[in-house]
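**Student:** Turn this into a model:
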Amino acid sequence: MTPGPYHWFLNTLVRVHVSCDQGTDRISYIEHRVRKGESPPLHIHEREDEIFHLLEGHFTFRMGDAELKKDPGDVVFIPKGTPHTFRCDSDTGHFFSITTGRDFEFFLRAMWRPAERAELPTPSAPSPADIEALGKAAAAHHMPVVGPPLM
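**Tutor:** Residues are numbered from 1 along each chain as shown. Sure thing, here's the model as predicted:
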């Protein structure tokens, strides 16, 4: 399969390698590149399990009340319904996510923009309008935000 084009999702570079619409099991396989400090808000996938396969960089994951340090080569499984987030602790990070449904991929699609180049976007803080749109898109895709990012 040929991967799709690169997109920017806030300060992240993403690329869909396998779309949930390509098979009957609705599996998404998505590449992510992030910078140090990148951390989504604590959230829950109500209808999807999620797997992270870390290729480069060091990360801290929060799953429920547990904080886990993870390194290249590690795999993190997050069952649906588990509050979670992560933070990139190295200069950059590179990982793949696998989800078992359409919600996460379609959430990204609702918020991303085409990448002008195959590299991380220029970092910027989300505007109040971006934050509001993210919250609405997350809720619409069964991924409610339940807490802040990891600091």
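
**Student:** Go through the lengthiest helix in the chain and flag the buried ones.
**Tutor:** For the chain, the helix with the greatest residue count under DSSP state H is helix 128-140. Judged by neighbour count using 16 or more other C-beta atoms under 10 Å, the buried positions of helix 128-140 are 134, 137-138. Placement of C-beta: from N, CA and C, glycine included.

**Student:** Using just helix, strand and coil, how would you label P40?
**Tutor:** Classification of P40 by DSSP: H, G, I helix; E, B strand; the rest coil places it in coil.

**Student:** Skipping adjacent residues, who's closest to it in space?
**Tutor:** Using C-beta to C-beta, 6 or more residues apart in numbering and skipping residues adjacent in sequence, the residue nearest P40 is T85, 5.5 Å away.

**Student:** pretty sure the one you found contacts I44?
**Tutor:** No. Counting by C-beta atoms under 8 Å, T85 sits too far from I44 to count as a contact (10.3 Å).

**Student:** Now do the same contact list for the residue nearest to P40.
**Tutor:** T85 makes contacts with 39-43, 61-62, 147, 149-150, as judged by C-beta atoms under 8 Å, 6 or more residues apart in numbering.

**Student:** That one bridge partners, please.
**Tutor:** R62 (DSSP bridges).
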